[in-house]
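Engineer: Got a sequence here, can you build the structure:
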Amino acid sequence: MLAHPFSAIGARMIQRISSFVAKRFCHASQRIGHIHAQLAAPLAMRAAAWLTVVLLLLAPKVSPADDQADLVAAFDGANAAYQKADYQKATKQFERALALALKLRGENDVDTATILNNVGEMYRMTGKYAQAESLYQRSLKVREAKLGPNHLDVAQTLSNQGSLYVQMGKYTQAEPLLLRSLKIREAKTGTDQLLVA
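Structural biologist: Presented below is the predicted three-dimensional model:
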């Protein structure tokens, strides 16, 4: 799916455009004459309001640049904390990244699915099994729909969810997930790759 041409316009940019249009309309009206200048200000405000409405309709998923930067920073911070084995901090950062990804990209986005998987992994590692299971299932649903049932990212989520079930002692639920993950990895990378092991 192609990105909408206005998807990168942030709320501040829409406000700036509206203000610019209002000022230009008012300035042009003042050139016409003093009588028209008194009418120009209310008309300019209406023009700016309509432009804002049009831009918001054209860009229903307006994502301010600040939120996008915060998403990247939260994700990078989570990965850095994870590398240092600071799972509490990593969990908080991944949760923040997830909230921003859901706001900016929605549930059915591949990047959101990756963050769902990562938060699930943090919950698994910290013993929050029910929460982890829910996030793995949401991630798997999106990844299968967007990437196909035999993608390596699907295998990753299957493996993580299978590992969760092993930790919970639910071996009969774990086995089909782990076997399916193994089958995908063998088909994609071969049987003698480290990823399969």
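Engineer: For this protein, give me the ranges with low pLDDT.
Structural biologist: 1-65, 192-197 (pLDDT under 70).
Engineer: Which parts of stretch 143-152 count as buried, going by neighbours?
Structural biologist: Applying a neighbour-count criterion of 16 or more other Cβ atoms under 10 Å, one finds 143, 144, 151 buried in stretch 143-152. In this view, the C-beta of every residue, glycine as well, is placed from N, C-alpha and C.
Engineer: got the buried residues for stretch 84-99?
Structural biologist: 87, 90, 91, 92, 93, 94, 95, 96, 97, 98.
Engineer: ranges for the helices of this protein?
Structural biologist: 11-32, 34-58, 65-83, 87-104, 110-125, 129-147, 152-168, 171-189 (DSSP state H).
Engineer: Okay, buried residues for the third one please.
Structural biologist: Which is helix 65-83. Per 16+ other Cβ under 10 Å, helix 65-83 contains these buried residues: 67, 70, 71, 74, 75, 77, 78, 81, 82.
Engineer: will you turn those residues into JSON lines that also has distance to residue 155?
Structural biologist: Converted to JSON lines, the buried residues of helix 65-83 look like this (distance: Cβ to Cβ, whole Å):
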{"residue": "67", "distance to residue 155": "31"}
{"residue": "70", "distance to residue 155": "30"}
{"residue": "71", "distance to residue 155": "25"}
{"residue": "74", "distance to residue 155": "26"}
{"residue": "75", "distance to residue 155": "21"}
{"residue": "77", "distance to residue 155": "27"}
{"residue": "78", "distance to residue 155": "22"}
{"residue": "81", "distance to residue 155": "25"}
{"residue": "82", "distance to residue 155": "20"}
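Engineer: which of those residues lies closest to residue 109?
Structural biologist: residue 71 (11.4 Å; Cβ to Cβ).
Engineer: Spell out which residues make up each domain of the protein.
Structural biologist: Structurally, the chain divides into domains by automatic domain parsing as follows: 11-58, 65-189.
Engineer: and among those, the most buried is which?
Structural biologist: For those, the largest average neighbour count (mean count of other Cβ atoms under 10 Å) is found in domain 65-189, namely a mean of 18.
Engineer: Quick one: residues contacting the nearest residue to residue 161 once chain neighbours are set aside.
Structural biologist: In this structure, residue 161 finds its nearest non-sequential neighbour in residue 136, 4.1 Å apart by Cβ to Cβ, 6 or more residues apart in numbering. By Cβ atoms under 8 Å, 6 or more residues apart in numbering, the contact list for residue 136 reads 116, 117, 120, 157, 160, 161, 164.
Engineer: Nearest residue to the third one in space, ignoring adjacent ones along the chain?
Structural biologist: It refers to residue 120. Residue 120's closest residue in space is residue 135 (Cβ to Cβ, 6+ apart), at 3.5 Å.
Engineer: I'd assumed residue 116 was in contact with the one you found.
Structural biologist: Yes - look at residue 135 against residue 116 with Cβ atoms under 8 Å: they come within range, at 4.9 Å.
Engineer: circling back to that earlier point, distance of the residue nearest to residue 120 from residue 180?
Structural biologist: Here residue 135 is placed at a distance of 19 Å from residue 180 (Cβ to Cβ, to the nearest Å).
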